[in-house]
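Participant: got a sequence here, can you model it:
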Amino acid sequence: MRTIFKSCAFTYSIVFFIFLIVSSATAEVSLTVTLDHADWLYAVGESVEFTVAAQEDGKPLDGKVTWSIQLEKMPDFFSGETALENGKLVLRSHGLDRPGFLRCAARMEVEGKEYRALATAGFEPEKIEPTTPMPADFRDYWRKELKTMRDNVPLDPKLEKMDHESNDSVDVFHINYNLGGSRFYGMLSVPKSDGPFPALLRVPGAGIRPYRADLEWPAKGIIHLSVGIHGIPVNLEQRLYDDLRAGALANYPEFNLDDRERYYYHRVFLGCARAVDFLFSLDKFDKKNLGIQGGSQGGALSIITAGLDERIRYVECMYPAMCDHYGYLRGRAGGWPHLFVPGKTNTWKSDKFETAPYYDVVNFARILTVPVYMGFGYNDETCPPTSMFAAYNAIPGEKELLIVKELGHRVSERLNDPMDAWMLKQLTE
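Facilitator: Numbers count the residues shown, from 1 in each chain. Now for the predicted structure:
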């Protein structure tokens with residue numbers, strides 16, 4: 001069966017076959033999707049084979065599986081419900097005719113419990129380019145905005161000692177500083193010994209939550225500052241954050257997207273940059289060795305903040321959000337918060353299209369001048385790998401990429417441990 005699919009500006013030709021073959025088994029009930037290339041990478045136009053397998057107690061498990069094949073966040077190219085035979089189903093397809101990712105997802109119900117698995121094939125992802133344009137005044141705009149705040153809004157830093165979180169070797173503070181009309185809050189951990197010390201700024205993932213002080217980095221001789229972005233203290237009762245998440249701050253990534261100066265992230269970007277000013281105000285900071293780290297929204301903010309302030313010397317960025325917003329306008333996935341998903345009528349407006357490029361990670365990536373270590377997985381369904389590669393490929397300078405291909409959108413020691421080790425080395429050697 002030969003079918004030609006069209007999605008916006010892109011055309012994909014896919015030839016699709018189904019094969020039933022014999023399986024091997026693993027323990028207990030499991031559902032997996034695997035690929036015929038161990039690294040999950042293919043040349044453009046190369047065929048790809050997805051194998052769906054089910055096992056129970058070490059034996060092939062038969063039953064019906066619901067499956068789909070599609071670009072990330074796009075409508076299905078193919079989907080169906082097929083009975084497994086001897087526990088396996090093979091789905092074969094010619095791949096994409098341009099760089100990108102093709103994903104197979106499968107679901108199966110066993111005794112009332114649903115199992116789900118996926119695998120994502122990459123087609124020359126190192127050649128993925130951003131779709132979001134860089135405005136001609138991008139650099140000048142953000143320089144002006146940051147300079148205006150620094151010139152007119154005193155930092156006015158406040159530190160409150162948190163004795164119950166401090167210990168014999170680390171002092172912990174709940175801190176805040178001025179943004180003009182609101183304040184930024186965070187948790188600061190400082191070694192008690194004399195110093196001076198390097199510093200690490202942690203910028204947050206999406207959501208509304210309290211923060212605890214980090215004691216591990218100061219134990220290694222590094223000042224650590226973790227900031228929140230919503231202008232509220234970060235050491236209150238969980239109930240308050242739950243109420244804000246469900247009420248006043250629900251859907252905050254879209255607040256005032258139609259106005260470049262009033263968009264929610266305008267204050268956030270400047271607040272993260274002023275966290276650098278705060279760290280430079282500390283007597284124990286060595287005023288030289290400064291890194292930044294974050295995942296998801298925090299991965300985005302790590303690149304953005306380093307683009308805004310060149311005093312940041314090292315960037316550790318995990319599964320970054322906010323990459324290549326215009327992807328959806330060009331027939332492929334954009335990054336979280338998926339501002340322009342087709343059919344999202346409240347954001348498909350010209351003034352919002354004009355604002356978005358000023359808040360896109362790919363444009364900050366284009367101006368980075370410091371080393372970047374980025375990591376993510378191909379199975380990320382929140383921040384599609386196409387969007388993250390668009391940002392990574394746009395970085396002009398020194399960079400390194402760590403791929404854990406099976407990983408979705410979550411914290412993993414397979415990412416965190418090597419990336420934290422890299423940051424520690426940069427800050428201390």
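
Participant: what stretches of the chain score poorly on pLDDT?
Facilitator: Filtered on pLDDT under 70, the chain yields the residue ranges 1-27.

Participant: got the domain boundaries for it?
Facilitator: 2-125, 138-428 (automatic domain parsing).

Participant: minimum distance to residue 131: which of these has it?
Facilitator: With C-beta to C-beta as the criterion, residue 131 lies closest to domain 138-428 of the domains of the chain, at 4.3 Å. (C-beta placed from N, C-alpha, C; glycine too.)

Participant: measure that closest one end to end?
Facilitator: Length of domain 138-428, first residue to last, C-alpha to C-alpha, to the nearest Å: 34 Å.

Participant: and stretch 224-237, by the same measure?
Facilitator: Terminal residues of stretch 224-237 lie 23 Å apart, using C-alpha to C-alpha.

Participant: got a list of contacts for it?
Facilitator: Residues outside stretch 224-237 that contact it (C-beta atoms under 8 Å, 6 or more residues apart in numbering) are 162, 174-176, 179, 182-189, 199-204, 208-211, 213-214, 217-218, 240, 244, 249, 252, 267-268, 271-272, 275, 278-279, 301.

Participant: mind running it again at 7 Å?
Facilitator: With contact meaning C-beta atoms under 7 Å, 6 or more residues apart in numbering, stretch 224-237 is reached by 174, 182-189, 199-204, 208, 210-211, 214, 217-218, 249, 268, 271-272, 275, 279.

Participant: roughly how far apart are residue 171 and residue 46?
Facilitator: For residue 171, the distance to residue 46 equals 57 Å [C-beta to C-beta, to the nearest Å].

Participant: neighbour count: those two, which is higher?
Facilitator: Neighbours were counted for residue 171 and for residue 46 using other C-beta atoms under 10 Å; residue 171 has more, 19 against 14.

Participant: how much space separates the closest residue to the more buried one other than its chain neighbours from residue 30?
Facilitator: Leaving aside its sequence neighbours, residue 171 sits nearest to residue 190 (C-beta to C-beta, 6 or more residues apart in numbering; 5.0 Å). Computed as C-beta to C-beta, the residue 190 to residue 30 distance reads 47 Å.

Participant: circling back: hang on, isn't the residue nearest to residue 171 packed against residue 219?
Facilitator: No - taking contacts as C-beta atoms under 7 Å, residue 190 lies outside contact range of residue 219: 11.6 Å.

Participant: hey, what's in contact with both of these two?
Facilitator: Counting by C-beta under 7 Å, 6+ apart, the residues touching both residue 190 and residue 219 are residue 170.
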